[in-house]
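Enquirer: have a look at this prediction, sequence included:
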Amino acid sequence: MATQKMIAQRLPPITSNQPGYNPTYQLGGSSVKYNLPTPRSLKPYVDTRAGEMDTWPAHASSQAVSGTSVGLNQHKELVLVNEEEMGKPQIVPKPKFLDQLENFLKKELQSLGISKVEPSELRLQAHREVFEYLIEDFKTYKPLLSAIKNEYEMILAWQREQIRHLEPLKQMLVTVSEQCDQKIMQQRDAEKQEIVDLKKHNINLYKEIDNMRNEQHDLESTVEKLKKDVAFEYGRYREMSDSRKLLISEINELKSQQEDYILSQNAQKGLGEPEDDPVTLKIALKRAREDHNTVMEKLIEIEANYADVVARPVFVKLDAEHKKLQEEFETLLKDKEVLDEQHEDVQKLYEQVLEQRDQYFNECEEMKRTGTPRPDWSRCADVVQGGGARWRELSDDKTSDDLVSILLEEIKSGEPADSGGAEYFNGRGMEEDVPSYLQYEGNVRNRRLGKRDCLLLIRDIWREKAVHDQEKTDGKREVMADFLNIYLKRRFPTAQMVAEWAYNLEDASLRYLHEDIISFFYRVLHQELDEDLFYAEMDEIFNLNNSLTKFDVDKGNEGMLQKDELLLVFSDHFSKKDDDDIQSLFRAAEMQLDAKDTEIINYKELFTENDEGVAGGFIVELKRQRKVEHEQYIEEIKVELGDVTEVTPNDLRAAIIANDPQIDQSHLVAYLCWAFNKDYDHMEEVEPIELNKLIDRLCNGNIKRVGMKF
């Protein structure tokens, strides 16, 4: 109240009637006096002139602020509207000076044609002039107000300078963006044209292939015709050659007869005549030699011409054999026709049998799915007191009904199958050698956890552990035994409940070790298996699913694939597998989805699991092949190590590199660390271990071939 009263009072008047009087003032704590201008020299409405400056009650300040407000016009734009335009009366009148300034500002804005409330240089200039009038009239606060105005002006000038420097960069960015867009469009146009050209070229190649196939067919027909013509001409040639040789032999025979006749005539004429002279004999000898050479040439020619001629007896014999073989051939040909007809009948019968087999197989699978499965009575040997030997004695030559009765008697006798009939487990204590999740003193209630509950709990543990490991910052996975303790404490509020579920999970895992999922979890929990094996299997399944989904997305994300497309994705994804393994995976997929008679496969159903985490036959086959490849790789490393009894890290490193030359350093270090259970920094301190222990250690680790197998 006192403050409001002081504000409402007028300033004390500066009174002086004496000529030459100058008012002064002093600052607190100082004796120096400062002169003020004479009251008469001040203009009207100045704040230092007491009695002439209009006052305004403090309670009217809030009303004055709302005198001018911001509103929306009919075009939905922001405009300034005062109370007078809105028709609201002012309860308290404004000071004249304030009213003059507001009127001046309003006239300036109207004269400049500015009605919207938005950033504008003209609006800033109008307000700047009003502010300068205000500074000029308030002399006392002029320095401070001027300094404030200068600071605003300086920052505005600096920002304008920054904008002026950034304008060229903006233009350059716009230009570069347009150039990049043009290049992208040009590249796309070029690629489109190239695709069109390639398609045309592909069509032309298909046409050329068809033309070449037609030409090939024509050439094959021409070749067959030419073969027949050559065979016919060769037969004619053989006949003419034989006739020519016979004719030559007859001519030679006639010549020899003629020469003999001439010699005999000459011999008769020469009887009683004197002997020929030496010259005649010499000429006769010369002529005889010429005749001899001529005969020899003819003899060589005859031998050359008749070299392939067969004697007639041989020809007759061969002709008879040929006719006999021809008859046998015709008989065999008729037998073949009969066999072909029988084969067609057998083929039809085989197809009918095949259809019946498929039908019976489908009925069998349906019966397996809907009917009650035959129990595996050998599993009772693990839970009945006395073990396998006693169970074999009890179950020998017994029916299923008898076996059920035996089990009921075992349960009634106080020795049920689960946990030996004990109602409580004995706590193992708090010693350090006891796993953290089993550290408890006292009795723990036996819940007799079933297989389904055990599988559900294990599945939830794996899911929570994956989230827990991702949240860790050191990049290392939590040991499964330690995480199980954390998981149980997080899920159950009391130590009694934590111990109860821990001991029951341990007991159920031991009872259901024949289940692959439970056995795997139990061995990881007791550090007998490498936990990375689980994540490696999950990664392989996840990557295969991604490959199939990516191929499907390129087709339109229909969720379905053709069988040949599924085989193509399998071949591309499993580049290290052979054709037999890929065909096994394909058959497993067909079997799981019952899609042997369809061409379309819903590939997403291959990766589904039931609520217990049990997958279908396709995932089981994929895990089986992975296990086989793992065992083969370990066996090859064992063969590479040779007959050594103790193995050092250097021996194992050399064997792995020799068997898998493309392995990288990170995988090699990981394999060595797992095999010798040591960090790589302390690998030099490792003692050699036995070969059998090393192989067992490798079989339980995430060891696989990195490169291709040569």
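Expert: The structure has been received and is ready for your questions.

Enquirer: which is the next helix or strand following the longest helix along the chain?
Expert: Counting residues, the longest helix in the chain under DSSP state H turns out to be helix 142-269. Later in the chain than helix 142-269, the nearest helix or strand by DSSP states H and E is helix 278-305.

Enquirer: hang on, the earlier thing: show me what the longest helix of the chain is packed against.
Expert: Contact analysis of helix 142-269 by 3 or more Cβ pairs under 8 Å, 6 or more residues apart in numbering; DSSP states H and E lists helix 121-137, helix 278-305 as its packing neighbours. (C-beta placed from N, C-alpha, C; glycine too.)

Enquirer: run the angle between the shortest one and helix 142-269 for me.
Expert: The reference is to helix 121-137. Interaxial angle, helix 121-137 versus helix 142-269 (axes from the mean of the first three to the mean of the last three Cα atoms, to 10 degrees): 150 degrees.

Enquirer: before we move on, what about the last one?
Expert: Here the directions of helix 278-305 and helix 142-269 differ by 140 degrees (the same axes, to 10 degrees).

Enquirer: okay, buried residues for helix 278-305 please.
Expert: When burial is assessed from 16 or more other Cβ atoms under 10 Å, helix 278-305 yields no buried residues.

Enquirer: output the contacting helices and strands for that helix.
Expert: Here helix 278-305 touches helix 142-269, going by 3+ Cβ pairs under 8 Å, 6+ apart.

Enquirer: now the helices and strands packed on helix 142-269 as JSON lines including distance to N702?
Expert: As requested, the helices and strands packed on helix 142-269 are exported to JSON lines (distance: least, Cβ to Cβ, whole Å):
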{"stretch": "helix 121-137", "distance to N702": "71"}
{"stretch": "helix 278-305", "distance to N702": "82"}
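
Enquirer: to L593, which of these lies closest?
Expert: Among the helices and strands packed on helix 142-269, the nearest to L593 by Cβ to Cβ is helix 121-137 (73.3 Å).

Enquirer: return that closest one as PDB; C-alpha atoms alone will do.
Expert: Extracted in PDB, the C-alpha atoms of helix 121-137 (Å, rounded to 0.1, in the frame of the first residue of the first chain):
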ATOM      1  CA  GLU A 121      11.800  -2.700 -42.400                       C
ATOM      2  CA  LEU A 122       9.000   0.000 -42.700                       C
ATOM      3  CA  ARG A 123       7.500  -1.000 -39.400                       C
ATOM      4  CA  LEU A 124      10.900  -1.000 -37.800                       C
ATOM      5  CA  GLN A 125      11.600   2.500 -39.100                       C
ATOM      6  CA  ALA A 126       8.200   3.800 -37.700                       C
ATOM      7  CA  HIS A 127       8.900   2.400 -34.300                       C
ATOM      8  CA  ARG A 128      12.500   3.700 -34.400                       C
ATOM      9  CA  GLU A 129      11.200   7.300 -35.000                       C
ATOM     10  CA  VAL A 130       8.700   7.000 -32.100                       C
ATOM     11  CA  PHE A 131      11.500   5.600 -29.900                       C
ATOM     12  CA  GLU A 132      13.700   8.600 -30.800                       C
ATOM     13  CA  TYR A 133      11.000  11.000 -29.900                       C
ATOM     14  CA  LEU A 134      10.600   9.300 -26.600                       C
ATOM     15  CA  ILE A 135      14.400   9.500 -25.900                       C
ATOM     16  CA  GLU A 136      14.500  13.200 -26.800                       C
ATOM     17  CA  ASP A 137      11.700  14.100 -24.400                       C
END
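
Enquirer: quick one on the thing from earlier: for D335, find the nearest of the helices and strands packed on helix 142-269.
Expert: Smallest distance to D335 across those (Cβ to Cβ): 43.5 Å, for helix 278-305.

Enquirer: and the next helix or strand past the closest one?
Expert: helix 312-370.

Enquirer: show me how far that following helix is from its chain's centre.
Expert: 50 Å (Cα atoms, centre = their mean, to the nearest Å).

Enquirer: average model confidence for that helix?
Expert: The average pLDDT for helix 312-370 rounds to 86.

Enquirer: circling back: off-centre distance for the longest helix of the chain?
Expert: Here helix 142-269 shows a centroid-to-chain-centroid distance of 35 Å under the convention Cα atoms, centre = their mean.

Enquirer: before we move on, the earlier item: of all the helices and strands packed on helix 142-269, which one is nearest N150?
Expert: Among the helices and strands packed on helix 142-269, the nearest to N150 by Cβ to Cβ is helix 121-137 (10.7 Å).

Enquirer: give me the residues contacting the closest one.
Expert: Residues outside helix 121-137 that contact it (Cβ atoms under 8 Å, 6 or more residues apart in numbering) are 43, 45-46, 97, 101, 104-105, 108-109, 112, 114, 141-142, 145-146, 149.

Enquirer: from those residues, which would you call buried?
Expert: By 16+ other Cβ under 10 Å, those give V46, F97, L101, L105, E108, L109, I114, L145 as buried.

Enquirer: residues contacting the third one?
Expert: It refers to L101. Applying Cβ under 8 Å, 6+ apart to L101 gives the contacts V130, Y133, L134.

Enquirer: okay, the second one: pLDDT?
Expert: Here, the pLDDT recorded for Y133 equals 82.

Enquirer: that one and Y306: what is the separation?
Expert: As defined by Cβ to Cβ, to the nearest Å, Y133 lies at a distance of 144 Å from Y306.

Enquirer: which among the buried ones among the contacts of helix 121-137 gets closest to L513?
Expert: I114 (87.0 Å).

Enquirer: report pLDDT for that closest one.
Expert: So, for I114, pLDDT stands at 76.

Enquirer: do a quick rundown of the helices in the stretch 601-710 of the chain.
Expert: Per DSSP state H, counting those that start in this stretch, the stretch 601-710 of the chain carries helices over the ranges 617-641, 649-659, 665-676, 691-699.
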